[in-house]
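Chemist: Everything below, folded, please.
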Amino acid sequence: MKIILGLLKPRSGQVVFDGQPLTGLTTPQIVRRGIGSVPESRRLFGTMTVRENVLMGAYTRSDAHEVAEDYESILDLFPKLRERHSQQAGTLSGGEQQMVAMARALMGRPRLIVMDEPTMGLSPLHVDRVLEMIQTINRQGVSIFMVEQNASLALQIAHRGYVLQTGRIVLSGPAADLARDPQIRDAYWAVPRPPDTAIPTGPD
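Modeler: Down below sits the predicted model:
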């Protein structure tokens, strides 16, 4: 993801987006080409308000009127943020902060968003909500490139999946096929119980 965003240089090869190479461009130039980012752990400015954080996503834009319109549209997509717009971002729950990070990325009018571990550290309720919002954004025509260790959740909403092992792609294909693959299920679904762990069956 850092290579896609121009934060690291690839050792070989190049990144191509919409038929045009991105390698060698600065991160602002890449963002202007239509790529947004939702980094791991959200990376918000905690002492700034929700509104200020979201508008940071439009820093490459100069069309103030359209930025204002997009901001209102994004608040319609994330109604909870409308309620919290003047609240410091650092005081929000993890799920609400994730929504701010996604809204910030959308303010750049991306055609592709790279998301790193969007469900990390979230409660089950917020995980479901974030995955639902990812699907909604995708249906609006924005491609999502998501890195997610929770394979069972990721494959539920993905169209295509890639399995990496020590930096190399070892499996790839339609997400539904990967979800049924025994290798994937054995590696990511099965959570062995530690030996000698008691399973309570009732009151002591």
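Chemist: Surely residue 109 and residue 67 touch.
Modeler: No. Counting by Cβ atoms under 8 Å, residue 109 stays clear of residue 67, with 9.5 Å between them. From N, CA and C alone the C-beta is placed, and that goes for glycine too.
Chemist: overlap in contacts of those two?
Modeler: By Cβ atoms under 8 Å, 6 or more residues apart in numbering, residue 109 and residue 67 have these common neighbours: residue 61.
Chemist: Same drill for these two, tell me which one is more crowded.
Modeler: residue 109 (19 against 16; other Cβ atoms under 10 Å).
Chemist: Mind pulling up the pLDDT for residue 172?
Modeler: The score at residue 172 is 89. That number is its pLDDT.
Chemist: Kindly report the same for residue 189.
Modeler: For residue 189, the model assigns a pLDDT of 58.
Chemist: Next: the one 3 residues further on.
Modeler: The per-residue pLDDT reported for residue 192 equals 43.
Chemist: any idea whether the residue sitting nearest the centre point of the chain is helix, strand or coil?
Modeler: With distances taken as Cα atoms, centre = their mean, residue 115 lies nearest the centre of the chain, 2.7 Å away. State at residue 115, reduced to three classes by DSSP: H, G, I helix; E, B strand; the rest coil: strand.
Chemist: Residue 72 versus that one, what's the distance?
Modeler: Going from residue 115 to residue 72 by Cβ to Cβ, to the nearest Å gives 23 Å.
Chemist: Confirm for me that residue 94 is in contact with residue 125.
Modeler: No. Look at residue 94 against residue 125 with Cβ under 8 Å: they stay out of range, at 10.8 Å.
Chemist: Check the offset of stretch 86-98 from the chain's centre.
Modeler: Put simply, stretch 86-98 sits 16 Å off its chain's centre (Cα atoms, centre = their mean, to the nearest Å).
Chemist: average pLDDT for that stretch?
Modeler: Taken as a whole, stretch 86-98 has an average pLDDT of 89.
Chemist: Alpha carbons only: can I get it in PDB?
Modeler: These are the backbone C-alpha positions of stretch 86-98, laid out as PDB (Å, rounded to 0.1, in the frame of the first residue of the first chain):
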ATOM      1  CA  SER A  86     -17.900  19.600  16.100                       C
ATOM      2  CA  GLN A  87     -16.500  16.900  18.500                       C
ATOM      3  CA  GLN A  88     -12.800  16.200  18.800                       C
ATOM      4  CA  ALA A  89     -12.000  13.100  16.700                       C
ATOM      5  CA  GLY A  90      -9.900  11.700  19.500                       C
ATOM      6  CA  THR A  91     -12.900  11.400  21.800                       C
ATOM      7  CA  LEU A  92     -14.800   9.100  19.300                       C
ATOM      8  CA  SER A  93     -15.200   5.400  19.600                       C
ATOM      9  CA  GLY A  94     -13.000   3.200  17.400                       C
ATOM     10  CA  GLY A  95     -15.900   2.500  15.000                       C
ATOM     11  CA  GLU A  96     -16.700   6.200  14.700                       C
ATOM     12  CA  GLN A  97     -13.100   7.000  14.100                       C
ATOM     13  CA  GLN A  98     -13.000   4.500  11.300                       C
END
